[in-house]
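> Whatever this is, show me its structure:
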Amino acid sequence: MTKKLTAIILAAGLASGCATTTNNYQYKGDHSRAYNLAQAGGLYDARDYDIPRDQRDGVISKGWDVTGDALLFNSGHGLGLDWGKSLGLGLLTSAFAPKGVMERDSVFGWVPETKAGDAGEAWELMSNTLLDGIEKSLQQANVDYIVDNRNLHQDLPLVSEYIFSSVRIVAPEHGCPDWETANRDYDQSCYVATTVYAPTEEPRKVPDFLTAEPNGYGFYANDEADYSRIKVNIPKGSNMDKNQLLAGISRELPAWAFIFVASQKLDTGGYTAPVILTAGKAELFIQL
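Just a heads-up that it's a prediction; the model follows:
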């Protein structure tokens, strides 16, 4: 089971792009916070989007903070697949089509030096923190789940070592079948899986605008293959929503861990807006 699922995750993670991240990123005041977070975390293809001022002001005034009412399941309001419409962004066109490292969901962050004695401890802490966030979010929603893989070190041929966890959601009433009903097939199951690659060997300076901690072990999202990620699989027919699930997970994470949710192509031909989730708040790439 573990080998099959990890193969699925790795295949999904092969994307283009690689660049060197710096440890002295300076905040750019003429860009969104999402843009600055992305650039600091290695998402070097990030860009802000220009939308009409009245729409922009309406979105910013809402703050789009999902900490208080993030819903796990579709309910006709709040976060949906088309988050743009819930924010009044209007039609999302091909302008949101992602490029490079922005084509994939990822995780980045800086484990504070005060919380880890070395890179190995930071690596374990990041993996465990993500798994803990997944479990807590599902517990909050009163959803049954099974942890199939818990912080397993995977050292396979031709790929760098990583730590892998997976949580299978069992909620038949929401279209998430048990293992037998799903024909023992992960593609027919609801699951959340994390793949965490090793951080920087030494602590790096954390950008001043992020946390009060001056130094931390960096987990960057710039490598074409060795980037930490979180994958959500929702089979057809389920009423569970990926974006709402990720928002709930983010709400349970500390301020030093970030989830990037890439644009998703809609049946209409447009794209949803990319966001960065930080402690349950969704940061938008909106040009100031």
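> any chance you could map the strands in the stretch 1-150 of the chain?
For the stretch 1-150 of the chain, the strands defined by DSSP state E, counting those that start in this stretch occupy 106-112, 145-154.
> Can you say which of those is packed in most?
Most buried of those, by mean neighbour count (mean count of other CB atoms under 10 Å): strand 106-112, with a mean of 27. C-betas here are computed from N, CA, C, even on glycine.
> C-alpha coordinates for it, PDB please?
Provided in PDB are the C-alpha atoms of strand 106-112 (Å, rounded to 0.1, in the frame of the first residue of the first chain):
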ATOM      1  CA  SER A 106       3.600  22.700  -2.200                       C
ATOM      2  CA  VAL A 107       4.600  23.300   1.400                       C
ATOM      3  CA  PHE A 108       7.400  25.600   2.500                       C
ATOM      4  CA  GLY A 109       8.500  27.200   5.800                       C
ATOM      5  CA  TRP A 110      11.200  27.700   8.300                       C
ATOM      6  CA  VAL A 111      11.400  25.600  11.400                       C
ATOM      7  CA  PRO A 112      12.700  27.900  14.200                       C
END
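> The strands of the stretch 1-150 of the chain: which one's closest to residue 250?
Closest of these to residue 250 is strand 106-112, at 10.1 Å (criterion: CB to CB).
> Contacts made by the closest one with the rest, please.
41-43, 122, 125-126, 130, 194, 196, 199, 204, 206, 210-211, 213, 215-221, 227-230, 256-260, 262 (CB atoms under 8 Å, 6 or more residues apart in numbering).
> Any of those residues buried? List them.
41-43, 122, 125-126, 130, 194, 196, 199, 204, 206, 210, 213, 216-221, 227-230, 256-260, 262 (16 or more other CB atoms under 10 Å).
> Take those residues and keep only those in helices.
122, 125-126, 130 (DSSP state H).
> Dump those residues into CSV; add distance to residue 139 and pLDDT as well.
As requested, these are exported to CSV (distance: CB to CB, whole Å; pLDDT from 0 to 100):
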residue, distance to residue 139, pLDDT
122, 26, 99
125, 20, 99
126, 21, 99
130, 15, 99
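> No more questions from me, cheers.
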